[in-house]
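Novice: Predicted structure and sequence below. I'll ask about it afterward.
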Amino acid sequence: MTEREVSTGAEGRRAAPDETPGPPDEPRREDLLLRYVGAVASVSAKGAVASVSAKEAAARRPAATGPAPAEGADEAAAAGGEPEPLLVREVMDVPAPSVRADVPFMDIARSLTREHVGALPVVDAEDRVLGVVSESDLLAKAAVEATEHRPGPLGRLRERRLHDKARGETAEELMTTPAVTVYPGQTVAEAAWLVALSRLKRLPVTDHDGRLVGVVHRNALLNALIRDDDDIREEIESRILAKHFPAARRTVEVAVRNGVVDLSGRMAEADVPRLLAQIKDIDDVTEVIDHLGIDHRGIDHRGGA
């Protein structure tokens with residue numbers, strides 16, 4: 001994670017108050033998500049194309065016939081470069097349920113109930129995504145058929161369009177188009193940005209020919225982007241302290257609150273800069289506060305004491 005990503009992540013994390021007296025309502029949750037991923041996506045998107053190309057090139061390389069690399073070699077090789085952003089293909093669900101364009105109204109309703117979802121992609125015979133049909137589209141049709149109200153000549157354009165669409169009988173006639181979709185090779189941050197803007201709970205994932213290959217859920221994107229404080233503390237203690245600074249594992253205390261890491265206790269002076277640098281590189285760490293004392297023959301020499 002670069003310093004800029006840490007900075008933008010910090011802005012999003014600090015947008016939330018320190019304490020929330022209960023679960024936030026849905027609009028507030030979406031607003032916080034929008035503010036967070038809007039900052040992160042601008043950074044992650046720049047490396048997306050290069051990252052996808054590198055992964056595809058690696059997949060085409062022949063398997064190595066020599067001895068396996070030593071344990072930790074991959075970690076060492078990656079230490080000098082930027083971590084690759086998480087991609088949609090790594091968090092999407094497959095297969096993705098859908099309905100054909102010619103499916104009638106009642107069968108759409110049954111499909112939504114069977115899949116326990118509020119919307120489904122509408123596809124043609126080649127599985128290309130044409131649009132999305134939702135419970136709202138079906139409710140609009142049911143409302144129009146249940147009332148005699150008709151928009152007059154001065155009625156709002158949106159109301160007239162809604163009324164005209166609700167007269168449809170098939171998925172293709174009732175669907176909302178164009179569909180908001182993502183590619184498997186796009187970053188999770190980009191997909192989350194689209195979710196926040198469109199206020200959708202699920203996004204169809206398509207290949208570059210528009211064919212449906214999966215679906216990604218809002219919760220999966222959110223969980224991939226924002227880690228809780230316990231996870232961050234566990235990574236510091238088990239991956240960094242235990243493996244790289246074993247002598248300090250029992251002398252350094254780690255506290256994490258809203259992505260801010262507070263270090264206290266004592267450790268060797270030469271190790272402090274390396275420890276701070278490794279913690280700052282952890283995803284979703286927004287700040288590191290150094291309250292460490294120096295462990296040098298039992299004397300704290302920091303600040304000339």
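Specialist: Sure, I can see it.
Novice: residue ranges with poor pLDDT in the stretch 151-300 of the chain?
Specialist: Flagging of the stretch 151-300 of the chain using pLDDT under 70 yields the residue ranges 151-164, 166, 296-300.
Novice: Can you show me the helices along it?
Specialist: Taking DSSP state H, counting those that start in this stretch, the helices of the stretch 151-300 of the chain run over residues 157-165, 171-174, 188-198, 218-225, 229-235, 242-244, 272-280.
Novice: neighbouring contacts of the fifth one?
Specialist: So the one you mean is helix 229-235. Here helix 229-235 makes contact (CB atoms under 8 Å, 6 or more residues apart in numbering) with V254, A255, V256, R257, N258, G259, V261, I282, D284, V285. Yep, even glycine has a C-beta here, placed from its N, CA and C like the rest.
Novice: now do 7 Å
Specialist: V254, V256, R257, V261, I282, D284, V285 (CB atoms under 7 Å, 6 or more residues apart in numbering).
Novice: Point out the one among the helices of the stretch 151-300 of the chain that comes closest to A142.
Specialist: Checking the helices of the stretch 151-300 of the chain against A142 by CB to CB gives helix 171-174 as the closest, at 10.9 Å.
Novice: what's the closest one packed up against?
Specialist: strand 129-134, helix 135-146 (3 or more CB pairs under 7 Å, 6 or more residues apart in numbering; DSSP states H and E).
Novice: Mean neighbour count, these: which tops it?
Specialist: Mean neighbour counts were taken over those using mean count of other CB atoms under 10 Å, and the top value, a mean of 23, falls to strand 129-134.
Novice: Let's test this: mean pLDDT of it, rounded?
Specialist: Across strand 129-134, the average pLDDT comes to 94.
Novice: hmm, who's touching that strand?
Specialist: Under CB under 7 Å, 6+ apart, the answer for strand 129-134 is 99, 101, 108, 118-124, 171-172, 174-179, 181, 204, 206, 210, 212.
Novice: likewise stretch 237-254?
Specialist: By CB under 7 Å, 6+ apart, the residues outside stretch 237-254 that reach it are 233, 236, 261, 263-267, 271, 275, 278-279, 292, 295.
Novice: Any buried residues in that stretch, and which?
Specialist: I240, L241, F245, A248, T251, V252, V254 (16 or more other CB atoms under 10 Å).
Novice: quick one: which of these sit in strands?
Specialist: When DSSP state E defines the strands, the subset of the buried residues of stretch 237-254 inside them is V252, V254.
Novice: Dump the buried residues of stretch 237-254 into TSV; add distance to K165 as well.
Specialist: TSV is the format used below for the buried residues of stretch 237-254 (distance: CB to CB, whole Å):
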residue	distance to K165
I240	56
L241	59
F245	62
A248	65
T251	67
V252	62
V254	56
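Novice: picking that back up, could you flag which of the contacts of strand 129-134 are buried?
Specialist: Here, 16+ other CB under 10 Å leaves 99, 101, 108, 119-123, 171-172, 174-175, 179, 181, 204, 206, 210, 212 buried among the contacts of strand 129-134.
Novice: which one of the helices of the stretch 151-300 of the chain lies closest to L138?
Specialist: Among these, helix 171-174 comes nearest to L138, with 7.0 Å by CB to CB.
Novice: residue contacts, the nearest residue to P95 once chain neighbours are set aside?
Specialist: Closest residue to P95 apart from its sequence neighbours, by CB to CB, 6 or more residues apart in numbering: G214 at 7.3 Å. Residues near G214 by CB under 7 Å, 6+ apart: M92, D93, V94, A96, P184, V205.
Novice: Could you measure from G214 over to H244?
Specialist: 37 Å (CB to CB, to the nearest Å).
Novice: so which of the helices of the stretch 151-300 of the chain gets nearest T113?
Specialist: Closest among the helices of the stretch 151-300 of the chain, using CB to CB: helix 171-174, at 15.0 Å.
Novice: what does that closest one rub up against?
Specialist: Residues outside helix 171-174 that contact it (CB under 7 Å, 6+ apart) are 99-103, 105, 108, 122, 130, 133, 137-138, 141, 165, 168.
Novice: who's R257 bridged to?
Specialist: Following DSSP bridges, R257 is listed with bridge partners V260.
Novice: Check the gap between it and V215 for me.
Specialist: On the measure of CB to CB, R257 and V215 end up 35 Å apart.
Novice: what about those two, which has more around it?
Specialist: A count of neighbours by other CB atoms under 10 Å puts V215 above the other of R257 and V215, at 22 against 11.
Novice: Once you drop chain neighbours, what's closest to the more buried one?
Specialist: A96 (4.0 Å).
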